[in-house]
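Visitor: what's the 3D shape of this:
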Amino acid sequence: MDPFASFASTPLTVGKHHFAVTPDDGADLPIRPRALYCAVDGNVVLTDEDGVDLTYPVVAGQVLEFSPIRVKATGTTATVIGWW
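Guide: Just a heads-up that it's a prediction; the model follows:
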């Protein structure tokens, strides 16, 4: 039973699906996540929709409330999971 099934999804809605993120320098994510969950500590390099890359230091259990178009392989040492 899903008590929220009758509610429309919004950009603030929590994820209902997840996928393992494979960092890649040349390809956008197959699905743009609402947020990223960090499974293993390290750095994650994210690309925004303007093509700007930034490195985020993350710890296991942290949620990045950011919707990147790409997770770069170069510089990414953390393991992350996409929520959408």
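Visitor: alpha carbons only for contacts and neighbour counts from here, please
Guide: Will do.
Visitor: host element of the most centrally placed residue in the chain?
Guide: Nearest residue to the geometric centre of the chain (Cα atoms, centre = their mean): Leu36, 3.0 Å. Using DSSP states H and E, Leu36 falls within strand 35-40.
Visitor: residues in contact with that strand?
Guide: 15, 58-67, 78-84 (Cα atoms under 8 Å, 6 or more residues apart in numbering).
Visitor: now, of those, which are buried?
Guide: 58-59, 63-64, 67, 78-84 (16 or more other Cα atoms under 10 Å).
Visitor: next, count neighbours for Ala73.
Guide: 15 (other Cα atoms under 10 Å).
Visitor: how much space between it and Gln62?
Guide: Separation of Ala73 from Gln62 (Cα to Cα, to the nearest Å): 19 Å.
Visitor: out of the buried ones among the contacts of strand 35-40, who's nearest Arg32?
Guide: The shortest approach to Arg32 among the buried ones among the contacts of strand 35-40 belongs to Ser67, at 6.3 Å (Cα to Cα).
Visitor: residue contacts, the closest one?
Guide: 32-36, 48.
Visitor: closest to Ala20 out of those?
Guide: Using Cα to Cα, the contacts of Ser67 come closest to Ala20 at Leu36, 9.9 Å.
Visitor: name whatever forms a beta bridge with the closest one.
Guide: Listed by DSSP bridges, the beta-bridge partners for Leu36 are Leu64, Gly82.
Visitor: isn't Gly15 up against Ile81?
Guide: No. Using Cα atoms under 8 Å, Gly15 makes no contact with Ile81, being 11.3 Å away.
Visitor: ok, back up a step: quick check: next helix or strand after the strand holding Leu36?
Guide: Assigned by DSSP H and E, the successor of strand 35-40 is strand 42-47.
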